[in-house]
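> predicted model and sequence follow; I will ask about them next.
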Number of protein chains: 4
Amino acid sequence: MGNSIGSQFVVTSFGESHGRCVGVVVDGCPAGLPIGIEEIQAEVDRRKPQSSAGGTGRREEDRVEVLSGILNGAASGAPICMLAWNKDADSSTYEDIINTPRPGHADYTAFLKYGKYNDFRGGGRFSGRITAGFVMAGAIARKLLALSGIEITAHTVQIGDIKAAPHLSDITRVNVDKSAVRCADKDASAKMIRLIKEVQKEADSIGGIVEVLAFNVPGGLGEPVFDTLEGELSKAFFAIPAARGVEFGAGFAAAAMQGSEHNDLFSMSGKKLVTLTNNAGGISGGLSNGMPIVARVAFKPTASIGKSQRTVDIKTGKKVDLSVGGRHDSCIVPRAVPVVEAMAALVLCDFALRAGTIGRIIK
Amino acid sequence: MGNSIGSQFVVTSFGESHGRCVGVVVDGCPAGLPIGIEEIQAEVDRRKPQSSAGGTGRREEDRVEVLSGILNGAASGAPICMLAWNKDADSSTYEDIINTPRPGHADYTAFLKYGKYNDFRGGGRFSGRITAGFVMAGAIARKLLALSGIEITAHTVQIGDIKAAPHLSDITRVNVDKSAVRCADKDASAKMIRLIKEVQKEADSIGGIVEVLAFNVPGGLGEPVFDTLEGELSKAFFAIPAARGVEFGAGFAAAAMQGSEHNDLFSMSGKKLVTLTNNAGGISGGLSNGMPIVARVAFKPTASIGKSQRTVDIKTGKKVDLSVGGRHDSCIVPRAVPVVEAMAALVLCDFALRAGTIGRIIK
Amino acid sequence: MGNSIGSQFVVTSFGESHGRCVGVVVDGCPAGLPIGIEEIQAEVDRRKPQSSAGGTGRREEDRVEVLSGILNGAASGAPICMLAWNKDADSSTYEDIINTPRPGHADYTAFLKYGKYNDFRGGGRFSGRITAGFVMAGAIARKLLALSGIEITAHTVQIGDIKAAPHLSDITRVNVDKSAVRCADKDASAKMIRLIKEVQKEADSIGGIVEVLAFNVPGGLGEPVFDTLEGELSKAFFAIPAARGVEFGAGFAAAAMQGSEHNDLFSMSGKKLVTLTNNAGGISGGLSNGMPIVARVAFKPTASIGKSQRTVDIKTGKKVDLSVGGRHDSCIVPRAVPVVEAMAALVLCDFALRAGTIGRIIK
Amino acid sequence: MGNSIGSQFVVTSFGESHGRCVGVVVDGCPAGLPIGIEEIQAEVDRRKPQSSAGGTGRREEDRVEVLSGILNGAASGAPICMLAWNKDADSSTYEDIINTPRPGHADYTAFLKYGKYNDFRGGGRFSGRITAGFVMAGAIARKLLALSGIEITAHTVQIGDIKAAPHLSDITRVNVDKSAVRCADKDASAKMIRLIKEVQKEADSIGGIVEVLAFNVPGGLGEPVFDTLEGELSKAFFAIPAARGVEFGAGFAAAAMQGSEHNDLFSMSGKKLVTLTNNAGGISGGLSNGMPIVARVAFKPTASIGKSQRTVDIKTGKKVDLSVGGRHDSCIVPRAVPVVEAMAALVLCDFALRAGTIGRIIK
């Protein structure tokens, strides 16, 4: 269990990295939502590795197929099953993984939980590849949210120790996609690309931080005290392999702030109540306050590296030196950008449906 | 909705800051668990404000009463309802809140969600006071986990810009409670206390960071891909008012690390597989790996401050200067320590029951 | 676990027959719903035993107290905790129950599940008394549904082999309450009362059937394929102790019907599509069709009887003859009527909220 | 939403009658369970129409494909996605359905819920065809239960007014499958077959009742007070199109019984506590008591009949006479038998996992 998320917009994930497919079932999409398969495909394509950004050279075509729930270009109200067949599966390195768990990977914990029955091939369920299904579901959520004017955009704000300038004004997908690392700060972007090439040469990898912004979110979304906006968003973000931290608004920096500095003062902007700053990241008391929602997700460096690493043969207990072969992203952050967007979209969509903000038939 | 958490160990919260009581229903506690009311009381008492740590001077007696589910000193298998009656309620400042939302508080978002019907008195459902109920539930979860040898300890690692020395070796409750701010690093503790007194004098407040450690957690707890250990823990932590960020292991610092530095290398410790470092914070692939679980929760400074702040009269749209009267904690971090522990306990207990690690009758 | 029901209108039950109280937490009630405690009390009072209908002579005052979630006579949006303190507890027959399980009672299964820790006093969690909490929650659900014009009325249609005339036209609470057994057919009512007196004399008990009707339910409520209207209603009805069967519309009689006889033909009534018959009981494909919803719940005879019955001493394995002392209802059917109504109200309310039919703030 | 069922063994249904496929995702199957595709296929094959029992002449091959979650013949612990591609889709009669709803079908309620976007082709989501997915999931649940010795067998006990002799002693699948209508009483079976042929000649249909028995269910399964065994079983049964009533043990007949007659007396059978009768149907207080579980599900006659029926053109409001063409089962009861078994298996499997009766890795 644990492979479904959401209450009114329920997403169930299935498929493995080197199995037949990766896919998803979306239950709760209002009937009548126009959905073109090319729109879903476009989102999934954004998740593709980009070689200029240190991405793997693997050919991941990921052609999305819709198996159910969409009829004549619109959601029928039935569960929407979508998948992409796996093409580029290479399971040759499989056997070793069980006995010599790769550092930084979930091989060992998967073994603890599922024993030798776990599908270790290419990381199986623990591979970043399953996020392709998340993005398919997110594509539908984005369309639903767009009906209410809600826009979600993520961008890279840090790779290694290179940080983008804070509070950039023009974060749009078009601007973000101009950068191979999806960083809207051109200078930082160039530095990040150089850094990734360097670690690549060392057969090493590097981490980073993705920021996601949600605009035009109506006030009052979220369900205190446990199903808070922060709580559900963070839960969704931590489903992305390699996520290690989540913060909202001022986030961890709030720890060093005084109340008089952190409290966002209220003001009127025309007839709308706004705050003069947004340290709250658009969320107060677990509920959206009408300001842009701001969250950041920290990603660890890719676990797979060519560099030799120490591990153990769990059968003999002897030390083994391991170099993880194959093609890997030396930095997954740019590819995580659309996945972070998708997860944010799923959560906001679920809350909007719980609150009755989105109707059950789209006319 | 949104006031229940957990799947097999289900906690439902009720009560308001200035209502009749704050309480909780715990459903799923195995029958036969010995539970003394004094044990629950002891946990709740740890949440009390300590004046030496900048805590409010309010007398919060919080006598725990058990209404159901415990018979002859043991869980009967029925839902356990517990509460503390409110004694020190002062609702006099109530009327103003609706019209002039306090900066940093949930007054405005509560109004957006529940309208004028929201219980604004003392923060109502959005007050930190409701975490007294979380701690009652956590006390039971701790007892259940202790049967499997699992121990959870939290401590203050940062207040303002004062940081405790990292990787302290002897984090026990006894050591932690020696410090008025619950910081096990004596030097840092003294500085933190001084800092709190300073901000108190300025009628201001200050934030901080709590770290929580869980020892002896068996490997394999967690349910990928959505109900990950990180995901459920962070969701639980964000139910604590003022939480702004959550990270595991190396956390946000992982963004600046290379894979060869971040990957925890495997090694044998006797017959047990361990990792030489714990950048993963005891969690890999959303599952516990047998190493100590390490999480940190960032708290913003207390929203209530005596300093004058700008807000708006939402009826007239005019600017208003507001000073939040009454007694407030100038730093809630020390009081958040037992709450963070409780939330971690609830989540681990739920996963242990889902995994079948804890039986359904305790003999 | 298992003590919560509902998805958007979540009811959590707690309390035991001879514990301190029986109560309930209702989470998801829209803010602003006017709720007077006397309205809840009136519903709970309908559940009282009526001695003229073979009810127990026990004095069950059941004064409802509201602990949270209602402020100034309206729902605040916070969880509503309500309870009635137990007054008339007599635990003297307790010890025997563990060793010599009473036929027809849950003593033995409770022992299998919770061991000796189960609260056997007066049936504990398995007593009909806990349905007092269901009725409190149902009172709120009824008020919410009434805003949309939905009315729910239940009545006794069979006790023993005495059946009310079918398809009575004027099923209103006023008419139903004129009968001590809540049967709107006067002749049948008189016969039922006589029958109950007879079985009472024999120190025996008798079963019966309750029919519940829901009027003005909008079309399209229900969530196929698993969360059907029939499925959720039946699940809720089976939470009433002694329920043994549930049917909708023609129900079991449909088994002997031909399609041409059972199919309800469509017709226009003014501008509204109706069916000429209502064999479907207002539900088709798991969804309401706009016709009155009709369900029947069969109740077994009260398990507690004065007549001597054979059981076993589970410690020695020896046969024991047992006569259940104390005061018991010889027929619980009349008292089940308001409970069936309450359960129907809870389910319809939940579906109405899931469908967005009821708003989140009542103005 | 509403297309998932279960808490620890979660089944998500997708697909439509005349869409690309019907399928299911099973989440929560313990790793290591040996699963051969031919075992799942065998269960699905039992659902095929049998022409000798009034089944449709349609060729439904329903070749099961496994898309994920099974590796080397065993469950990997990952979600198991299974489906059958649709081959025999004929959508020609589609357009008419929207405007002239078929009596007894869900066309009208589907329109109320999903509008014109609903997939009306062949009944879409409301077709009995989607139960093929239920049976795939049930096949896995049966295998899991078999590890604990639990066996589930259903059989036809009534078609029209022909009833099988009660309390047949030898209800096994082998015996049941000897009858074209799956009635183990040979005489009744012959009469049922004749009756079906008669109604078929009249271009009509007929209803019936299926009884399901579960043997060797351990005591204590079920989660009071809402997630009772009866409640969850009935909810699952009502997901089968055409189900109109569910009863347990003595069921509706209990309404006419006295307590002294209905109460099952306890006795020892060797070292095991048993009851001398089984009016409780193996369930007391919502919990299994160790006796065979006995439930009956009433099915209405097939809604599709060739006979002319009155309906309405919802655009014009004018009367229309409708004869439902195509091939239909004149009695779906025999085909419902394996579906009832599957639903019972899903529910018992879920409860066994919730109770910790089945481990998380099958060795």
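Everything's here; your move.
> confirm that residue A:196 sits in a helix.
Yes. Going by DSSP: H, G, I helix; E, B strand; the rest coil, the assignment for residue A:196 places it inside a helix.
> count the neighbours of it for me.
Other residues lying near residue A:196 total 27 when counted by other C-beta atoms under 10 Å in any protein chain shown. Where you see a C-beta, it was placed from the backbone N, CA and C, and this is true even at glycine.
> and the angle for the lengthiest helix in chain A with helix C:333-354?
What stands out as the longest helix in chain A, according to DSSP state H, is helix A:333-354. Angle of helix A:333-354 versus helix C:333-354, following axes from the mean of the first three to the mean of the last three C-alpha atoms, to 10 degrees, is 130 degrees.
> in the stretch 151-300 of chain A, which residue sits nearest chain D?
Here the stretch 151-300 of chain A gets closest to chain D at one residue, residue A:239, 13.7 Å apart by C-beta to the nearest C-beta.
> residue numbers of the stretch 1-150 of chain A in contact with chain B?
With C-beta under 8 Å from any C-beta of the partner chain as the criterion, the stretch 1-150 of chain A comes near chain B at residues A:1-5, A:13, A:101, A:103-106, A:108-110, A:112-113, A:125-126, A:130.
> and residue A:296, bridged to which residues?
Beta-bridge partners for residue A:296, by DSSP bridges, are residue A:211, residue A:247.
> what's the per-residue pLDDT of it here?
Residue A:296 is assigned 98 on the pLDDT scale.
> tell me how many other residues crowd it.
Neighbours of residue A:296 using other C-beta under 10 Å come to 24.
> what's the answer for the one 4 residues further on, then?
Number of residues near residue A:300 (other C-beta under 10 Å) recorded here: 29.
> who's in contact with the closest residue in space to it that isn't next to it in sequence?
Distances taken as C-beta to C-beta, 6 or more residues apart in numbering or on different chains place residue B:254 nearest to residue A:300, at 4.0 Å, with adjacent residues excluded. By C-beta atoms under 8 Å, 6 or more residues apart in numbering or on different chains, the contact set of residue B:254 is A:207, A:244-245, A:298-301, B:262, B:279.
> re the thing from before, the longest helix of chain A close to chain B?
Yes. With C-beta under 8 Å from any C-beta as the measure, helix A:333-354 is seen reaching chain B through residue A:354.
> show me what that helix is packed against.
Applying 3 or more C-beta pairs under 8 Å, 6 or more residues apart in numbering or on different chains; DSSP states H and E, we find helix A:333-354 packed against helix A:37-46, helix A:131-147, strand A:151-159, strand A:208-215, helix A:229-237, strand A:293-299.
> could these go into JSON lines alongside distance to residue B:218?
JSON lines is the format used below for the helices and strands packed on helix A:333-354 (distance: least, C-beta to C-beta, whole Å):
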{"stretch": "helix A:37-46", "distance to residue B:218": "37"}
{"stretch": "helix A:131-147", "distance to residue B:218": "28"}
{"stretch": "strand A:151-159", "distance to residue B:218": "35"}
{"stretch": "strand A:208-215", "distance to residue B:218": "32"}
{"stretch": "helix A:229-237", "distance to residue B:218": "22"}
{"stretch": "strand A:293-299", "distance to residue B:218": "27"}
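> what's the spacing between residue A:208 and residue C:81?
Residue A:208 is 46 Å from residue C:81, where distance means C-beta to C-beta, to the nearest Å.
> can you name the residue of chain A nearest chain C?
Across chain A, the shortest distance to chain C (C-beta to the nearest C-beta) belongs to residue A:356, at 4.3 Å.
> which residues touch that residue?
Contact partners of residue A:356, counting by C-beta under 8 Å, 6+ apart, are C:356, C:359-360.
> wait, what's in contact with residue A:97?
A:107, A:120.
> three-state assignment of the residue lying farthest from the centre of chain A?
The C-alpha centroid of chain A is most remote from residue A:316, which lies 37.9 Å away (C-alpha atoms, centre = their mean). Classification of residue A:316 using three-state DSSP returns coil.
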